[in-house]
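# Give me the fold of what follows.
(chains A and B, ligands or ions: 4)
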Amino acid sequence: MSTLNISAPRSPRRPAARRSNFELYSWLFMRLSGLLLIVLVLGHLFIMNILDGGVHRINFAFVAGRWSSPFWQFWDLSMLWLAELHGGNGLRTVINDYARKDATRFWLKILLYVSMALILALGSFVIFTFDPNISG
Amino acid sequence: MTATTETAPSGSRGSQPPVPPGAITLTVQIRRFNPEFEDEPRWQSFEVPALPTDRVLNVLHYIKWYLDGSVTFRRSCAHGVCGSDAMRINGVNRLACKVLVKDLMAGNGKPTTITMEPIKGLPVHKDLLVDMEPFFEAFRAVKPYLMTTGHEPTRERIQSAADRARFDDTTKCILCACCTTSCPVYWTEGSYFGPAAIVNAHRFIFDSRDEGAEERLDILNDVDGVWRCRTTFNCTDACPRGIQVTKAIQEVKRALLFKRV
Ligand code: HEM
Ligand code: SF4
Ligand code: SF4
Ligand code: FES
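Ligands and ions are numbered 1, 2, ... in the order given. As a prediction, this is how the structure comes out:
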């Protein structure tokens, strides 16, 4: 009796249709952001880990040098937002699919949304306000 | 009598028939549950003589008729037409009347064990018999019937062969629920319409004679509609009619995405 035994569907009553395209757009977003992430993430990994001695050359000056260019600022900002929204929306799907109680579902999603907001805010804040001239 | 069984014969047809030459002895494990008397399902084992060319349904009949008449399951046509004997056989959803014993036999003359469980995700009434109502509720919710506007035509509704071909695959559904009850999304979220309902919506959405496509697409565009599908292909693997279920779901997604049927 240790095996997973699912005898009845968790919520047989279906809520009234919302008539919105939200799920369609979120599905589409996963595909499009995934395509962009291939370029952004693989490019990022290549630059950080393989090119010119890889991680060994990364230090404060290296990061400061890259973020002085709007191109790399934009790259990192897009990667931050796309990966966070893509990963967050993916986890939303996972929670929807696997949470069994409405309360669990609700609190897991609150936790997810709060963490997403925090990471997006903190990340954007750092990229926009980064100051290479630290004293000391 | 070579049939070896621990259980005293208590089936409904009395003494066991002679074992035919070439028969092997199967160990059949059935997941039994009677909610009137038991809190938990349990496994019960039977030793059954069977020919490799027998169907699993024959094995079930043998058990019910000669070993234990209380074993409960649904079947009607016994020929893969009515869709009533879907069950989990050795962990995969199949129609008991379409699976042959020889396809489940262990190699090299090793002893063969066959497990049978009720399909997952629907409430179990008794043993292998489940309550199909949630499944049919989802089926009805997609309006699986011809919808037209205006007056009834005086002549037959003509359709070209090419138009007919677009939904040919999904006309083959026998509503056995093998697909829906193999879907991991449906297991945990019963409000998902499930592959069978989408297959039957597809049957009408892509029918040139029908005018209700928009209404059905609207229904399937919601949280519990096609976007819940994770493209795992369990449903396609399970379908005894060989319907390309996941492909049909994909075609509905495409129709929604490009607003074109
Ligand atoms: C490398 C490029 C990537 C591509 C091409 C990609 C593609 C996809 C696609 C198409 C889906 C949707 C699957 C479905 O709806 O069934 C998905 C789901 C998901 N992705 Fe990505 N992704 C990428 C990177 C990432 C990254 C960097 C993260 C983490 C931040 C991530 C986290 C997730 C999660 C959590 C899901 C949900 C899993 C599920 O639905 O089962 N992905 N991905
Ligand atoms: S392909 Fe979709 S509908 Fe079919 S089993 Fe997988 S998730 Fe369920
Ligand atoms: S699509 Fe196939 S598996 Fe699903 S209910 Fe119809 S016949 Fe059964
Ligand atoms: S008994 Fe009718 S399909 Fe198997």
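# What ranges does chain A have for its strands?
With DSSP state E as the criterion, chain A has no strands.
# If you rank every helix and strand of it by mean pLDDT, what lands last?
helix A:60-67 (a mean of 89; mean pLDDT, DSSP states H and E).
# how close does whatever residue of chain A ends up closest to ligand 2 sit to ligand 1?
Relative to ligand 2, the nearest point of chain A is A:Asp97 (9.1 Å; C-beta to the nearest ligand atom). Glycine gets a C-beta too; all of them are placed from N, C-alpha and C. Going from A:Asp97 to ligand 1 by C-beta to the nearest ligand atom, to the nearest Å gives 8 Å.
# With B:Pro52 instead?
From B:Pro52 over to ligand 1 the distance is 40 Å, taken as C-beta to the nearest ligand atom.
# who's in contact with that residue?
Going by C-beta atoms under 8 Å, 6 or more residues apart in numbering or on different chains, B:Pro52 touches B:Gly22, B:Ile24, B:Leu100, B:Val101, B:Lys102, B:Met105.
# So the last one is in contact with B:Ile24, correct?
Which is B:Met105. Yes - using C-beta atoms under 8 Å, B:Met105 is in contact with B:Ile24, at 7.3 Å.
# which residues touch B:Val48?
By C-beta under 8 Å, 6+ apart, the neighbours of B:Val48 are B:Ala3, B:Thr25, B:Leu26, B:Val28, B:Val59, B:Tyr62, B:Ile63, B:Leu67.
# correct me, but the fifth one touches B:Glu47?
No - the pair B:Val59 and B:Glu47 fails to qualify as a contact (C-beta under 8 Å) at a distance of 10.9 Å.
# Give me the common contacts of those two.
By the contact definition C-beta under 8 Å, 6+ apart, B:Val59 and B:Glu47 are jointly contacted by B:Leu26, B:Val28.
# The two: which has the busier surroundings?
Neighbours were counted for B:Val59 and for B:Glu47 using other C-beta atoms under 10 Å in any protein chain shown; B:Val59 has more, 24 against 15.
# In chain A, which residue sits nearest ligand 1?
For chain A, C-beta to the nearest ligand atom, closest residue to ligand 1: A:Gly90, 2.2 Å.
# Chain B now?
Nearest to ligand 1 in chain B, going by C-beta to the nearest ligand atom, is B:Arg230, at a distance of 4.3 Å.
# What helix or strand is the closest residue to chain A within chain B located in?
Residue nearest to chain A within chain B: B:Gly190 (1.8 Å; C-beta to the nearest C-beta). B:Gly190 is part of no helix or strand, with elements assigned from DSSP states H and E.
# just to revisit the earlier point, need the contact list for the residue of chain A closest to ligand 2.
B:Pro184, B:Val185, B:Thr188, B:Glu189, B:Arg228, B:Arg230.
# Helices - which of the residues you listed land there?
Among these, the members found in helices (DSSP state H) are B:Pro184, B:Val185, B:Thr188.
# Most neighbours of all these, which one?
B:Val185 (23 neighbours).
# For that residue, give me its contacts.
If you count contacts by C-beta under 8 Å, 6+ apart, then B:Val185 has A:Asp97, B:Tyr192, B:Arg228, B:Cys229, B:Arg230 around it.
# So which of the residues you listed reach ligand 4?
Near ligand 4, taking C-beta under 6 Å from any ligand atom as the test, no member of the contacts of B:Val185 is found.
# which of those residues has the most neighbours?
When neighbours are counted by other C-beta under 10 Å, B:Tyr192 leads the contacts of B:Val185 with 27 neighbours.
# That one belongs to a strand, doesn't it?
No - B:Tyr192 is assigned coil when assessed by DSSP: H, G, I helix; E, B strand; the rest coil, not a strand.
# low-scoring pLDDT stretches of chain A, where are they?
Applying pLDDT under 70 to chain A flags the ranges A:1-18, A:135-136.
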